[in-house]
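# With the input below, show me the fold.
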Amino acid sequence: MKLAIFIFTSIIGIYFGLCLLLFFFQRSLIYYPTTGKISPIDYGLPEMDSIQLITEDGISLTSWYKPPSNPSKLTILYFHGNAGHIGHRALKVKPFLDYGYGLLLLSYRGYGPNNGKPTESNLYLDGKAAFNFLIQQKIPIQKLVFYGESLGTGVAVELAQNKAIAALVLEAPFTSLPEIAKHHFPFFPTTLVLKDKYTSVSKVGNLKTHLLVLHGSKDRTIPLKFGQKLFNMAEVDKQLYEFPDAGHNNIYSYNAPSKIIRFLASL
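Below you'll find the model as predicted:
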């Protein structure tokens, strides 16, 4: 009997200990930045310029920008995912640059050479600074495309609300971070302990633009069902591309750029 009580209390202790670890180190599990100085030339994008964006709370963000080749072309504001830095997106964005689109590769705080710590509220401030920069560059809002990748879809949806932008493109989107955490950690009270929630599912009803969702059917990080659910809840003109053989990071190996450009060209 005493042994059983000891085992039970030990299991309970271990469980609550793991919950505490999850609470205190959760952002280390969400954000995986690669830090250090980077330049567009180093990653094969000599046509882009390194610029400085200043956020409302005074953080300077080194990001990369190229204006559109002519006023008729769209400009893409790219919100990257939770890992690496903007240089790791160079091959992905090259087709858009070659097509003549303008492009702003936003580098979040804490990523690349940027100071600060990434959190949900902080990434929203970073995104707002990038949007304001493009408006200051005289890019018409109806010529803007917000592109969100994975975690960046949460930032893109937040900023796209009630804006008459040209389009919103979401690559491997999710409904909310608590739902994804619950999927991966079903035995932990992730809904209660998560500080950053990115509840896109409660915001898609506020979209006022065209929507394109791209998702790999074999995505194990953010399973397809979450992207489908978010797509189904959006009440706008929308398209969904499912990539049967793609996982979380490789839809660009299955002709994703041409699908995106075709979608944007049809607007």
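
# Can you give me the neighbour number for Y241?
When neighbours are defined as other C-beta atoms under 10 Å, Y241 has 18 of them. Quick note: C-beta positions are derived from backbone N, CA and C, even for glycine.

# Check it and give its pLDDT.
As predicted, Y241 sits at a pLDDT of 96.

# wait, is it part of a strand?
Yes - Y241: assigned to a strand according to DSSP: H, G, I helix; E, B strand; the rest coil.

# any idea how far S150 is from the nearest residue to it once chain neighbours are set aside?
Closest residue in space to Y241, ignoring its immediate chain neighbours: L214 at 4.8 Å, by C-beta to C-beta, 6 or more residues apart in numbering. Distance, L214 to S150, using C-beta to C-beta, to the nearest Å: 11 Å.

# Give the intersection of the neighbour lists for the two.
171-172 (C-beta atoms under 8 Å, 6 or more residues apart in numbering).

# Show me how far the host helix or strand of E158 is from its chain's centre.
Secondary structure from DSSP states H and E places E158 in helix 151-160. Relative to the mean C-alpha coordinate of its chain, helix 151-160 is positioned 6 Å out (C-alpha atoms, centre = their mean, to the nearest Å).

# And for stretch 129-148?
Distance, centroid of stretch 129-148 to centroid of chain: 16 Å (C-alpha atoms, centre = their mean).

# could I have the strand or helix carrying G148 exported to PDB, CA atoms only?
Element membership for G148 (DSSP H and E) is strand 144-149. This file holds the C-alpha atoms of strand 144-149, laid out as PDB (Å, rounded to 0.1, in the frame of the first residue of the first chain):
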ATOM      1  CA  LEU A 144      -0.400  44.700 -50.600                       C
ATOM      2  CA  VAL A 145      -0.300  40.900 -50.000                       C
ATOM      3  CA  PHE A 146       0.300  39.500 -46.600                       C
ATOM      4  CA  TYR A 147       2.100  36.200 -46.700                       C
ATOM      5  CA  GLY A 148       2.200  34.100 -43.500                       C
ATOM      6  CA  GLU A 149       4.300  31.000 -43.100                       C
END
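
# Contacts for that strand next, please.
Contacts for strand 144-149 (C-beta under 8 Å, 6+ apart): 74-81, 89, 101, 131, 134, 154-157, 159-160, 165-173, 264.

# pLDDT weak spots in the stretch 51-200 of the chain?
184-192 (pLDDT under 70).

# Please enumerate the strands of it.
Assigned by DSSP state E, counting those that start in this stretch, the stretch 51-200 of the chain shows strands spanning 60-66, 75-79, 83-84, 102-106, 144-149, 167-171.

# Of those strands, which stretch is the most buried?
strand 167-171 (a mean of 27; mean count of other C-beta atoms under 10 Å).

# partner strands of it, parallel or antiparallel?
Applying DSSP bridges to the sheet, strand 167-171 is found paired with strand 144-149 (parallel), strand 210-216 (parallel).

# now these as a markdown table including distance to H183?
Converted to a markdown table, those look like this (distance: least, C-beta to C-beta, whole Å):
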| stretch | distance to H183 |
| --- | --- |
| strand 144-149 | 19 |
| strand 210-216 | 15 |
